[in-house]
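Colleague: just coords:
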């Protein structure tokens, strides 16, 4: 089955950190842009960050700039999201998806979604 497997979520206090992992299963990351998205209860899925395949360019939502860092290891077929200074509003299920080469904004332009990993920021 061609999909991502997300992991690394959990319960963390405000100001804490988590590192999410997104491992490709059944395919490689060659020529793939990979994006992290999140969906909170009752809300639409929104883009958090993305890393392109062409030149490794990275993109971040304004709400996470300066706090989150995306990176990739093609040899391990894995993309990471380091999340620091977490806030309660970061609480959501985090998913990753991929598309050919370049990052775009719309989640519907990505595929190979995994089951997601829950991140809860609460004291």
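Modeller: Received it, and whenever you're ready, just let me know what you need. What you see is a predicted model, and the numbers here were worked out from it, not measured in a lab. Numbers count the residues shown, from 1 in each chain.

Colleague: pLDDT wise, what is residue 55 at?
Modeller: Residue 55 carries a pLDDT value of 83.

Colleague: Residue 18 contacts residue 86, doesn't it?
Modeller: Yes: contact status for residue 18 versus residue 86: in contact at 6.8 Å, counting by CB atoms under 8 Å. Where you see a C-beta, it was placed from the backbone N, CA and C, and this is true even at glycine.

Colleague: Need the overlap of contacts for these two.
Modeller: 12, 119 (CB atoms under 8 Å, 6 or more residues apart in numbering).

Colleague: Looking at stretch 62-78 now, give me its mean pLDDT.
Modeller: Rounded mean pLDDT across stretch 62-78 is 96.

Colleague: How far does it stretch from one end to the other?
Modeller: 24 Å (CA to CA, to the nearest Å).

Colleague: Can you tell me the element the residue nearest the centre of the chain falls in?
Modeller: In the chain, the residue lying closest to the centroid (CA atoms, centre = their mean) is residue 36, at 2.2 Å. Per DSSP states H and E: residue 36 is located in strand 32-39.

Colleague: Tell me the strands beside that strand, with direction?
Modeller: strand 46-51 (antiparallel), strand 92-100 (antiparallel) (DSSP bridges).

Colleague: As JSON lines, those with mean pLDDT and mean neighbour count would be great.
Modeller: JSON lines is the format used below for the strands paired with strand 32-39 (pLDDT from 0 to 100; neighbours: other CB atoms under 10 Å):
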{"stretch": "strand 46-51", "mean pLDDT": "97", "mean neighbour count": "22"}
{"stretch": "strand 92-100", "mean pLDDT": "96", "mean neighbour count": "22"}
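
Colleague: would you turn the ones you listed into a markdown table with distance to residue 26?
Modeller: Listed next are those as a markdown table, based on distance: least, CB to CB, whole Å:
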| stretch | distance to residue 26 |
| --- | --- |
| strand 46-51 | 20 |
| strand 92-100 | 12 |
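
Colleague: For this structure, just list every one of the strands.
Modeller: Counting by DSSP state E, the chain has these strands, from start to end: 3-7, 10-12, 18-25, 32-39, 46-51, 58-60, 68-73, 78-83, 92-100, 117-121.
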